[in-house]
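[1] Have a look; sequence and predicted model below, questions after that.
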2 protein chains.
Amino acid sequence: MTRKVTIRDVAYLAGVSISTVSRVVSNKVNVNEITRQKVQRAIDKTGYEPNYTARALATKNTDTIAVIIDRTPSKGFANSFFLDILDAIATRLNFYSKDMLLVFSDGKNSTEYSKVKSLIQSNKIDGVIKLSVQKNDKTINFLKESSKPTVVVGRPNSKNMLSVNNDNPKAMQNAVNFLIKKGAKKPAFVGGNKEYIVTIDRQEGFELALKKHMINYDENDMYYVDFSIDAGYELADTLIEKEYDSVACTDDLIAYGIAKRYNELGKFIKIISFNNTYLSKISNLPFSSVDINAKLLGREAVDLIMNPQASQKQTIVDTKLIVRS
Amino acid sequence: MTRKVTIRDVAYLAGVSISTVSRVVSNKVNVNEITRQKVQRAIDKTGYEPNYTARALATKNTDTIAVIIDRTPSKGFANSFFLDILDAIATRLNFYSKDMLLVFSDGKNSTEYSKVKSLIQSNKIDGVIKLSVQKNDKTINFLKESSKPTVVVGRPNSKNMLSVNNDNPKAMQNAVNFLIKKGAKKPAFVGGNKEYIVTIDRQEGFELALKKHMINYDENDMYYVDFSIDAGYELADTLIEKEYDSVACTDDLIAYGIAKRYNELGKFIKIISFNNTYLSKISNLPFSSVDINAKLLGREAVDLIMNPQASQKQTIVDTKLIVRS
DNA sequence: CTGAAAGCGCTTACAG
DNA sequence: CTGAAAGCGCTTACAG
């Protein structure tokens, strides 16, 4: 195993100083064309590639963005939402020549917090994108004061943070309006874990729609279950018993479980849900679902983090109700 | 924004040299208890956290492992396989206090190759785990000669590489045996993209089983389609026309599409597939599927990369046919 | 346009 | 057990 070639080797071979090699490599500063070519030849011959850590130490720039993904909802959002947004983020980071450090967190806000804190304080990363927001989110409170740019996908509790989000209350309100237009008189709200802001925001939309249409409801008409098919499946019996004629659900996985159970019993219920994953299509009882545009959420998150001075600190990505059945 | 605290500040506050601070922090070498406490107090008071890049430069150790995920099959393996293995890898890396740099590749072997090459040559990472293997995989050929430990999830074309894999020929053979035991007389093989080794290996298992049972078949009985529900759905009409009585499929997504179409037409066909994702359960026509144990694959991959000298260079993870219907 | 030098913030062999 | 010094491999302000 031959020793790694350094800037010194290239400089020696080209007969110039290491400063000059550095200038050629970084390509930021004028270098005499002849010199440039000499250096380039030496680089090509040696296969020189600058040492990442040395450069990072000198420039205080790591070209790395951490992405924090929470296991709890990522199990839930039918996975494909999370893979989609990761993919979109990766693609856009690539465009900026940045790498992605992926951190799985377990929803336990404090272990996530210490991990993120240490990444930031040790200067291993240049910024962070966080893919979910909980109530009293310790990580977010820390990031808000952090020296590194941070983007939250979701609604942070502070207006000073960079964020990209859907207008969840409005999206849910529209979806419920649609349900009502189709004849719903007694809808139930079924949300995922109530600790997540996204659940709360969609519930708000549900309530707005009902109030607008003078439909009575109370807190017993709002259910919170795990982000899973099974949870929806099990809840269905309760929904049947309570004789709801429709459900506004925050997540396709849960909705799928509900639809499955109704279908099994030869019953029918109107459903709208979120994420427009393939579950909403392949169900035997296809249901309408709000497409939240994962691709664009991911892309905008990266654009924001790369341009933290942008005037627009809160980006809202449009949603679209995909109607089925 | 106050200046970042460095080892120098801590040393000054504690009244010792920076060497001593370093020793206390790294905790590898004996330090007088009194001294240790002085230093510790200074660390606590200042909130000192060692600079990652500086340490990495000095130790030539990045504590970062790159994970390469290929978009093509990851769309296909019903996604959940890939999220599962990423999750397992993340969990195990965490155990070793390593971070994960996630690289999405687009299946175009040459862009992936140059990305990986640059990560390695710039010393940004300590090792790589690659989640899929193609025929003539440029990246793998490069990694094989690389100075950094590399683990392939799948079957590499070289026995010298660290790898973790299922015994795919055997797993498929067993699954097909099961199909035959259940009465299959004319099975089709349906695989994903033929460029992936995993497709080839499972096909081999299919052929082995048929030969053993003296069932005639030829290459026209083997189909290769996209890793998608739609691809399976579309293929179904051909399968019906050719009057197959069963299908051995390499991927739940495809299998689901096939099952869906048969079901739609009020027809039935025996199916076995791979990955045991929830698609195999929720189908209206539930089918048996081989669980390839993503959790263990991920965990073993990390264990291998952390112990590259291990005697066992090729780890095989057991599979289990989950029987349904 | 180019080079010498200082600096980025650590680690570690060496000497005591 | 501890410190001074060299070194990791770059970048960049400064001077020419």
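    Yep, that arrived.

[2] count of neighbours near residue A:128?
    23 (other C-beta atoms under 10 Å in any protein chain shown). No exception for glycine: its C-beta is placed from N, CA and C like everyone else's.

[3] Find the helix or strand that it is a member of.
    Under the assignment given by DSSP states H and E, the secondary-structure element containing residue A:128 is strand A:127-130.

[4] and that strand, is it in reach of chain B?
    No - counting by C-beta under 8 Å from any C-beta of the partner chain, chain B is not contacted by strand A:127-130; separation bottoms out at 12.4 Å.

[5] Run me through the strand neighbours of that strand, direction for each.
    Here strand A:127-130 is paired, per DSSP bridges, with strand A:64-70 (parallel), strand A:150-153 (parallel).

[6] Just checking the distance from the following helix or strand past that strand to the centre of its chain.
    Going down the chain from strand A:127-130, the next helix or strand is helix A:138-145, by DSSP H and E. The chain centroid and the centroid of helix A:138-145 are separated by 17 Å under C-alpha atoms, centre = their mean, to the nearest Å.

[7] Which of the residues in helix A:138-145 are classified as buried?
    For helix A:138-145, the neighbour count (16 or more other C-beta atoms under 10 Å in any protein chain shown) marks A:138, A:139, A:140, A:142, A:143 as buried.

[8] From the contact counts, what lies against that helix?
    Contacting helix A:138-145 under the criterion 3 or more C-beta pairs under 8 Å, 6 or more residues apart in numbering or on different chains; DSSP states H and E are the following elements: helix A:109-121, strand A:127-130, strand A:150-153.

[9] Touching the second one from outside, list them.
    Contact with strand A:127-130 is made by A:65-68, A:89, A:116, A:119-120, A:139-140, A:143, A:146, A:148-154, A:301-302, A:305, A:308, as judged by C-beta atoms under 8 Å, 6 or more residues apart in numbering or on different chains.

[10] quick one, what contacts residue A:179?
    Residues in contact with residue A:179, defined by C-beta under 8 Å, 6+ apart, are A:187, A:246, A:248, A:270, A:272.

[11] could the residues you listed be laid out in TSV, adding neighbour count and secondary structure?
    Putting the contacts of residue A:179 into TSV (neighbours: other C-beta atoms under 10 Å in any protein chain shown; DSSP: H, G, I helix; E, B strand; the rest coil) gives the following:
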residue	neighbour count	secondary structure
A:187	25	strand
A:246	19	strand
A:248	30	strand
A:270	20	strand
A:272	28	strand
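
[12] ok, and residue A:164, which helix or strand is that part of?
    Secondary-structure element containing residue A:164, defined by DSSP H and E: strand A:162-166.

[13] after that strand comes which helix or strand?
    Per DSSP H and E, the helix or strand that comes after strand A:162-166 is helix A:168-181.

[14] Packing partners of the helix or strand following that next one?
    Scanning the chain past helix A:168-181 towards its C-terminal end, the next helix or strand to appear is strand A:187-191 (assignment: DSSP H and E). For strand A:187-191, the packing partners by 3+ C-beta pairs under 8 Å, 6+ apart come out as helix A:168-181, helix A:197-212, strand A:222-224, helix A:229-241, strand A:246-249, helix A:252-264.

[15] Check which strands are paired with strand A:187-191 and give the direction for each one.
    Counting by DSSP bridges, the strands paired with strand A:187-191 are strand A:222-224 (parallel), strand A:246-249 (parallel).

[16] what comes into contact with the first one?
    Contacts with strand A:222-224, where a contact means C-beta under 8 Å, 6+ apart, come from A:188-194, A:199, A:203, A:206, A:235, A:238-239.

[17] Would you mind listing which of those residues are buried?
    A:188, A:189, A:190, A:191, A:192, A:193, A:199, A:203, A:206, A:235, A:239.

[18] re earlier: for the strand holding residue A:164, packing partners?
    Right, strand A:162-166 is packed against strand A:150-153, helix A:294-306, strand A:314-317 by 3+ C-beta pairs under 8 Å, 6+ apart.
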